[in-house]
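>>> Okay, sequence plus prediction incoming.
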Amino acid sequence: MATQKKTTEADYSMQEKILALYELQKIDSRIDEINKVKGELPLAVQGLDDELAGLKERTDKINKEIEELNTLTKQRKREVDQAKIMIGNYKEQQNNVRNNREFDAITKEIEYQELEITLAEKRLKEYAAGIKVKKTQLEETESVVEERRADLEAKKQELDGIEAETAPRVAEFEAQAEKAKMRIDERLLNAYERIRHNFRNGLAVVPIRRDACGGCFNHIPPQRQADIRQGKKIIVCEYCGRILVDDPETTVDEA
């Protein structure tokens with residue numbers, strides 16, 4: 001398949017390739033004009049998608065933090081219950097002590113467990129406050145999520161409407177572009193795409209207009225213009241780097 005394409009490319013003269021390249025540029029420019037109708041919608045949709053992904057990560061993180069606080073709450077409550085059971089046991093043991101030394105030892109154990117309960121209850125209050133804050137954050141984040149989802153849905157509908165309206169024309173131009181590409185070798189196509197992406201207006205191939213580059217409007221010397229008209233080799237503007245061509249339509253008008 002690759003050999004067949006190479007043979008096909010070799011059948012076209014450099015001038016034919018240059019004209020095909022200019023034709024491709026005009027087709028791509030038409031597609032660019034159609035895409036301009038979309039404006040910033042594609043970027044806005046992508047931005048909202050990214051923001052929603054970030055908000056999802058945030059809600060997941062908050063939910064995880066709430067879950068961790070709930071786990072710690074259960075753990076501290078079990079510790080309080082266990083401490084209360086131990087205090088009850090120690091108090092029963094106090095009734096059966098044989099001397100003051102045993103009584104004092106058990107009393108210290110009871111005091112220790114009571115201290116553990118106090119600390120645990122303090123932590124429980126902190127966890128409860130933390131959960132309350134986290135739930136507020138979660139509600140606020142979920143509210144933002146709903147707003148962004150509504151915005152995204154509206155912008156997607158608007159974008160889908162434009163794409164549905166322009167899709168037939170874009171498909172037609174893309175088919176024309178593929179035909180033009182068949183007359184251009186891969187190396188030249190790669191250079192075209194590289195130059196095209198260097199400029200916001202997407203112009204990689206421009207004609208000479210009034211003795212000047214159709215891209216940057218700098219003057220083109222007469223001899224260089226003559227070389228461009230012959231179409232024997234690729235000539236680029238020494239100022240902007242765009243590929244220069246002789247526009248047949250302009251030549252006819254000037255004649």
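That came through, no problem.
>>> All the helices of the stretch 101-250 of the chain, residue numbers only.
186-196, 222-230, 248-254 (DSSP state H, counting those that start in this stretch).
>>> right, so of these, which gets closest to residue 56?
helix 186-196 (35.8 Å; C-beta to C-beta). The C-beta positions use only the backbone N, C-alpha and C, and glycine is treated the same way.
>>> Give me the buried positions along the closest one.
188-189, 191-192, 195-196 (16 or more other C-beta atoms under 10 Å).
>>> Which neighbouring elements make contact with it?
Helices and strands touching helix 186-196, by 3 or more C-beta pairs under 8 Å, 6 or more residues apart in numbering; DSSP states H and E, are helix 14-36, strand 243-245.
>>> got the phi/psi numbers for residue 198?
Phi and psi for residue 198, reported as degrees, to the nearest 10, are phi -80, psi -10.
>>> any chance of the helices and strands packed on helix 186-196 in CSV, plus distance to residue 170 and mean pLDDT?
Below are the helices and strands packed on helix 186-196 laid out as CSV (distance: least, C-beta to C-beta, whole Å; pLDDT from 0 to 100):
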stretch, distance to residue 170, mean pLDDT
helix 14-36, 6, 93
strand 243-245, 24, 95
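>>> most packed of the ones you listed?
strand 243-245 (a mean of 23; mean count of other C-beta atoms under 10 Å).
>>> Which other helices and strands does it contact?
Counting contacts by 3+ C-beta pairs under 8 Å, 6+ apart, strand 243-245 packs against helix 14-36, helix 186-196, strand 205-209, helix 222-230, strand 235-236.
>>> hmm, back to that, go through the buried residues of helix 186-196 and name the one nearest residue 156.
residue 196 (28.2 Å).
>>> how close does the closest one sit to residue 241?
11 Å (C-beta to C-beta, to the nearest Å).
>>> same for the helix or strand where residue 61 lies, what does it pack against?
Following DSSP states H and E, one finds residue 61 within helix 41-94. Applying 3+ C-beta pairs under 8 Å, 6+ apart, we find helix 41-94 packed against helix 100-181.
>>> So in the chain, where's the weakest helix or strand by average pLDDT?
Of all the helices and strands that make up the chain, helix 2-10 has the lowest average by mean pLDDT, DSSP states H and E, namely a mean of 43.
>>> Tell me which residues touch the closest residue to residue 109 other than its chain neighbours, please.
Using C-beta to C-beta, 6 or more residues apart in numbering and skipping residues adjacent in sequence, the residue nearest residue 109 is residue 90, 5.2 Å away. Residues counted as contacts of residue 90 (C-beta atoms under 8 Å, 6 or more residues apart in numbering) are 106, 109-110, 113.
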